[in-house]
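Colleague: Dropping a prediction and its sequence here:
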Amino acid sequence: MTSYRAVSIFEHDTELGNRFKDRSLVTSSGFEQLEKIAERVNRDEPILLNMGDSSTSGWNGEVIHGNLTDLSCALFTYRTYSDLLEESFPGNVINAGVPGYTSHQGGKYLKILLCRLQQLGIKPDFITLYFGNNDSTYGIEDKCKIDLEQVSRFSDVLRVTPQDYRLNLQEMIRTIRELGAVPILIVPVVNYVHEPYIRSRKYKGESLNMFNSLTDRVLKSRLKKAHDLWSYGNYRAACELDIALPRISRAHLQALHKVASETETVIINVQDKIAINRPNEADNFFIDYCHPNEDTNRFIGDRIAAIVRSGEQGTLFEQLASQDHGSDESGLPIGTRAFFYLLRLGSNLLPSSLVRRDGDATNNIYPT
């Protein structure tokens, strides 16, 4: 529901809808061209490419207001997990996050970026995918708006349906594996306790004015119900109804876990680290309505670093295939051996459908 058209850091792109101006990328020191980033890449060390939305690029929604002339002030205000990873392991990190991107745009951008990297003689070893928040928001479907395709039969006025989200993730994983790299899925962390449709607490009046000016009665009724539920402390139900703020829906989360299980893709889920029961506790983990702060980014970065370190001699499955055949697990299928391998690293690196935590914080923070 936020437009970036008039802002200088974005420009229109026929295939992607929009992109950073001059095809630049975010780095710890500001915007840079990919060619400049490539000059610093040490090809003898692991190369990590982080694909995603504003949670990947970094974004501070608390500084955004109607009179703002340059959205770049929302970037570079804290360290992203890419920034932290640059400090935590010997290797190369490329932050390819773009604010507002869905999995539909992410899949297209991945192919474009891999082509550009290939021309520069760079092949990523690991590629993370952090998508789902923007997919779950209100708006014309991306495939209709960008690609002029027909609207999905079961579309719920979301930018990407859960069904298409699943297909998009599967396609990205396929693309990554065809490259010979290791895909890593990141489950978007959810700030369930944030007030519905309020993008900035400091400029709350602007969000309220936007709500009051809505002409879509169905949407307005839905958001009002979300706010009522939030007022009663029923945060989970409120979040599910709030399609104004980019927070991944339950259906999209289920699709993400299903893809991880079906494709045997490593998944990172740090939601269990976020045990918050009241709105005033969210500042310990989030910058605003959905963006992880530095502490939460450190949780994510540490999990990524563990996976990268485990695969520095080749892809994870290649390592397993070359292990000593005298081991107890050597006769098991690769997928099963990956299960035990990741279990030793930590259960949060497993496809989430394979892990059951009776005391998981995500099941305990919501009032019944």
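Modeller: Structure's in. What do you need?

Colleague: Next, count neighbours for Asp216.
Modeller: Burial of Asp216 is recorded as 11 neighbouring residues (other CB atoms under 10 Å). For glycine as for every other residue, the C-beta is placed from the backbone atoms N, C-alpha and C.

Colleague: which residues sit against the strand or helix carrying Asn168?
Modeller: Asn168 belongs to helix 162-179 when assigned by DSSP states H and E. Defining contact as CB atoms under 8 Å, 6 or more residues apart in numbering, one finds that helix 162-179 is touched by 51, 102-104, 106-107, 110-111, 114, 123-124, 127, 129, 131-132, 135, 141, 143, 152, 154, 160, 182-183, 185, 249, 251-252, 254-256, 258-259, 262-263, 265.

Colleague: what comes up buried for it?
Modeller: 162, 164-170, 172-173, 175-177, 179 (16 or more other CB atoms under 10 Å).

Colleague: Contacts for stretch 107-119 next, please.
Modeller: Here stretch 107-119 makes contact (CB under 8 Å, 6+ apart) with 15-16, 19, 34, 38, 49, 51, 96, 98, 101, 123-124, 127, 168, 171-172, 175-176, 179.

Colleague: Distance from that stretch to the middle of the chain?
Modeller: Relative to the mean C-alpha coordinate of its chain, stretch 107-119 is positioned 18 Å out (CA atoms, centre = their mean, to the nearest Å).

Colleague: on that earlier part again, so which of the contacts of helix 162-179 are in helices?
Modeller: Filtering those for membership in helices, criterion DSSP state H, returns 103-104, 106-107, 110-111, 114, 143, 251-252, 254-256, 258-259, 262-263.

Colleague: Report the buried members of those residues.
Modeller: Buried members of the ones in helices among the contacts of helix 162-179, scored by 16+ other CB under 10 Å, are 103-104, 106-107, 110, 114, 143, 251-252, 255-256, 258-259, 263.

Colleague: Max pairwise distance over the residues you listed: which two?
Modeller: Considering CB to CB, no two members of these lie farther apart than Leu114 and Ala251, which are separated by 28.9 Å.

Colleague: Which parts of this structure belong to which domain?
Modeller: The domain map for the chain lists 10-190+247-363, 195-244, with the assignment taken from automatic domain parsing.

Colleague: export those domains to JSON lines and tack on mean pLDDT?
Modeller: Formatted as JSON lines, the entries for the domains of the chain read as follows, by pLDDT from 0 to 100:
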{"stretch": "domain 10-190+247-363", "mean pLDDT": "84"}
{"stretch": "domain 195-244", "mean pLDDT": "95"}
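
Colleague: which one of these has the most crowded surroundings?
Modeller: Among the domains of the chain, domain 10-190+247-363 has the highest mean neighbour count (mean count of other CB atoms under 10 Å), at a mean of 18.

Colleague: Now do that one: distance to the chain's middle.
Modeller: Its chain's C-alpha centre lies 5 Å from the corresponding centre of domain 10-190+247-363 when counted by CA atoms, centre = their mean.

Colleague: now the angle between helix 250-263 and the helix or strand hosting Leu117, please.
Modeller: For Leu117, the enclosing helix or strand under DSSP H and E is helix 103-119. Taking axes from the mean of the first three to the mean of the last three CA atoms, to 10 degrees, helix 103-119 and helix 250-263 form an angle of 40 degrees between their directions.

Colleague: could you dump helix 103-119 to PDB, C-alpha only?
Modeller: Below are the C-alpha coordinates for helix 103-119, written out as PDB (Å, rounded to 0.1, in the frame of the first residue of the first chain):
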ATOM      1  CA  SER A 103       8.600 -14.100  -4.300                       C
ATOM      2  CA  HIS A 104       7.300 -13.300  -7.800                       C
ATOM      3  CA  GLN A 105       9.800 -10.400  -8.200                       C
ATOM      4  CA  GLY A 106      12.400 -12.300  -6.300                       C
ATOM      5  CA  GLY A 107      12.400 -15.300  -8.700                       C
ATOM      6  CA  LYS A 108      12.800 -13.000 -11.700                       C
ATOM      7  CA  TYR A 109      15.500 -10.900  -9.900                       C
ATOM      8  CA  LEU A 110      17.400 -14.100  -9.000                       C
ATOM      9  CA  LYS A 111      17.800 -15.100 -12.600                       C
ATOM     10  CA  ILE A 112      18.800 -11.600 -13.700                       C
ATOM     11  CA  LEU A 113      21.400 -11.400 -10.900                       C
ATOM     12  CA  LEU A 114      22.800 -14.800 -11.500                       C
ATOM     13  CA  CYS A 115      23.300 -13.900 -15.200                       C
ATOM     14  CA  ARG A 116      25.100 -10.700 -14.300                       C
ATOM     15  CA  LEU A 117      27.200 -12.500 -11.700                       C
ATOM     16  CA  GLN A 118      28.200 -15.100 -14.300                       C
ATOM     17  CA  GLN A 119      29.300 -12.400 -16.700                       C
END
